[in-house]
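Peer 1: structural data only, the sequence is not supplied:
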């Protein structure tokens, strides 16, 4: 469905120092700087996938998404989305895509979301019956009821975000780009939005999710692409991502006798909580878990123990610092 | 069958560029009227501000001075036409300038680029400025006042006037294209608008008051004379041959405006993520 090959985007910016003297100088002479935002990335996305597109700030993910949505022209490389070259056939192409930007609203502030939906109906040429049915279905799925008739400014952030989803999906797009769709939302609103995304994905819509919320990634994405410094540093399933930096487990132990463990190969003491409680990170490729548990029990008599899987946050942090 | 045809026709009109534009105007008006008091006050202020030029004209003529070749009501007619041209341009399509500048600065220009319509149509649709309807009302009032005090003009003069008035709007649109294009690459620079206002203000007076060289610039290079001077001359039956060059120049200006605007859209770099 999406084929990206050797995609590059270079921007020209101007450098300016922080001092007043440099600011004054920059009025007359500016130092040009070329920034390679995207450095020849390639990937494919199949129909119906829900892909997490991750990366630290300034990694190049927004630039890539903007090229995929036809907003920006690339410097070089090829992109084929559903047979379209986004920036060349923008008008025809964008009819098939939708986008939700967590920090940029498509709704009009002073009028009800329903009026904004009507404007989109005209823009996307959606027949009246189809429009009414889609709006009613989505209002029901997102528990919005009559809220769509209240001015947008009177809605909560969660309610507004739900309306943004209706706005982006009225024309039944085949691909939806999500940029921080749950930013600032409470757990209930986040849950509702995630359920909605999963339901639409089950119905066949392809989603590309850009977010810094790793809970979104864990709960929604089946595949993750991580981009850093304009290059793809990881592209595989979420399970593979969890094992990407070795099979590690966090073990929290409470003992009857004193426990004083020291870090060694395969065991990293992360926190000595008290004389009787500690938290360690075990690399299963070096240390066998059953042998470790047995040894702790022999030495300090285990009272309680919990073993947790790899923390996505740690893995992502390491990928971001590569 | 007839019912079906009529339904299809209605749908085609509603979803045409004009239909989308009307929907955009309705939405903008609804949005603006959410604050009734401010809406009415803004319209009134816009209307009163427009009377500045005509008031100066009245002062000049009441003090015994004049613009050579033009009596007081002829000048007021010219200024009424100028205000009418602005009164149509500013609310209905000139909004593309500040809409583009503002959206590029905030990064919301992207939201228009993901709509399956021409980016120009989208900036016009979302740039309707209802407050500027005050300018239009001001223009109509000055135009009517001047007409009442002038002899009745034959139909042929009115036809010439209407044709030239359309060109006056075309010229305004060309200006809008250049400014909006500049707004895409020259991020956040609202001074573009001030420069434009200074240039078109030359259109508020008969071109005959300027030097020959300056008249040529206002006719052939930046045909500001087409905004009001030529349409007023047409209505008064006093057109000269130079109008054809001004018309040609305005068409070239419009074509260059389109080329420039779409070239700038290509160079759009968007705001940070």
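Peer 2: Looks like it arrived, so ask away. Fair warning: this is a prediction, and the values are worked out from it, not measured in the lab.

Peer 1: which non-adjacent residue is nearest the residue nearest the centre of chain B?
Peer 2: Centroid-nearest residue in chain B: residue B:89, 2.6 Å away (criterion: CA atoms, centre = their mean). Excluding the flanking residues, the one nearest residue B:89 by CB to CB, 6 or more residues apart in numbering or on different chains is residue B:172, at 3.9 Å. Any C-beta I mention is one placed from the backbone N, CA and C, and that applies to glycine too.

Peer 1: whichever residue of the stretch 101-250 of chain B sits closest to chain A: neighbouring residues, count only.
Peer 2: The nearest approach of the stretch 101-250 of chain B to chain A comes at residue B:116, 4.1 Å away (CB to the nearest CB). Other residues within reach of residue B:116, judged by other CB atoms under 10 Å in any protein chain shown, total 18.

Peer 1: and for residue B:81?
Peer 2: Neighbours around residue B:81, by other CB under 10 Å: 27.

Peer 1: for residue B:149, same thing?
Peer 2: So residue B:149, with other CB under 10 Å, has 12 neighbours.

Peer 1: please tell me how far the closest residue to it other than its chain neighbours sits from residue B:65.
Peer 2: Ranked by CB to CB, 6+ apart and with sequence neighbours excluded, the top spatial neighbour of residue B:149 is residue B:73, at 4.3 Å. The spacing between residue B:73 and residue B:65, counted by CB to CB, to the nearest Å, is 15 Å.

Peer 1: comparing those two, which residue is more hemmed in?
Peer 2: Per other CB under 10 Å, whichever of residue B:73 and residue B:65 has more neighbours is residue B:73, with 19 against 8.

Peer 1: can you tell me the SS state at the more buried one?
Peer 2: helix (DSSP: H, G, I helix; E, B strand; the rest coil).

Peer 1: and it, what does it touch?
Peer 2: Residues in contact with residue B:73 (CB atoms under 8 Å, 6 or more residues apart in numbering or on different chains) are B:146, B:149-150.

Peer 1: among the residues you listed, which lie within helices?
Peer 2: Under the assignment DSSP state H, those contribute residue B:146 to helices.

Peer 1: which residues in the stretch 1-150 of chain B form strands?
Peer 2: Ranges of strands in the stretch 1-150 of chain B, per DSSP state E, counting those that start in this stretch: none exist.

Peer 1: quick one: the helices in it?
Peer 2: Along the stretch 1-150 of chain B, the segments classed as helices by DSSP state H, counting those that start in this stretch run B:2-14, B:17-32, B:36-50, B:52-62, B:72-89, B:96-106, B:109-113, B:119-125, B:133-148.

Peer 1: which residues does stretch A:282-289 contact?
Peer 2: With CB under 8 Å, 6+ apart, stretch A:282-289 has contacts from A:246-251, A:265-268, A:292, A:307.

Peer 1: pull the most distant pair out of the residues you listed.
Peer 2: A:265 and A:307 (19.5 Å; CB to CB).

Peer 1: excluding chain neighbours, what is closest to residue A:37?
Peer 2: Nearest to residue A:37 is residue A:63, by CB to CB, 6+ apart, at 4.4 Å.

Peer 1: tell me the pLDDT at that neighbour?
Peer 2: Per-residue confidence (pLDDT) for residue A:63: 91.

Peer 1: point me to the residue of the stretch 151-300 of chain A nearest chain B.
Peer 2: For the stretch 151-300 of chain A, CB to the nearest CB, closest residue to chain B: residue A:151, 6.7 Å.

Peer 1: ok, now which ones touch that residue?
Peer 2: A:109-112, B:34.

Peer 1: now do 10 Å
Peer 2: A:107-113, A:115, B:30-31, B:34 (CB atoms under 10 Å, 6 or more residues apart in numbering or on different chains).

Peer 1: where does the prediction get shaky in the chain?
Peer 2: Just going to use chain A. Filtered on pLDDT under 70, chain A yields the residue ranges A:244-246, A:310-311, A:322.

Peer 1: chain B is the one I meant
Peer 2: B:1-4, B:271-273.

Peer 1: now with 80?
Peer 2: B:1-14, B:34, B:53, B:64, B:66, B:187-190, B:193, B:219, B:269-273 (pLDDT under 80).

Peer 1: how is chain A partitioned into domains?
Peer 2: A:46-242, A:248-320 (automatic domain parsing).

Peer 1: what's the neighbour count on residue B:270?
Peer 2: 16.

Peer 1: OK, contacts around it?
Peer 2: Applying CB under 10 Å, 6+ apart, the residues contacting residue B:270 are A:11, A:62-63, A:66, A:71-72, B:104, B:107, B:109-110, B:113.

Peer 1: distance of the residue in chain A that chain B sits nearest to from residue A:85?
Peer 2: In chain A, the residue that lies nearest chain B is residue A:62 (2.7 Å; CB to the nearest CB). From residue A:62 across to residue A:85, the span is 20 Å (CB to CB).

Peer 1: show me which of those two is the more surrounded one.
Peer 2: residue A:62 (24 against 14).

Peer 1: just checking, that one touches residue A:212?
Peer 2: No: between residue A:62 and residue A:212 there is no contact under CB atoms under 10 Å: 11.9 Å.

Peer 1: okay, and the common contacts of those two?
Peer 2: Joint contacts of residue A:62 and residue A:212 (CB under 10 Å, 6+ apart) are residue A:55.

Peer 1: tell me the most buried of the helices of the stretch 1-150 of chain B?
Peer 2: Mean neighbour count (mean count of other CB atoms under 10 Å in any protein chain shown) peaks for helix B:72-89 among the helices of the stretch 1-150 of chain B, with a mean of 24.
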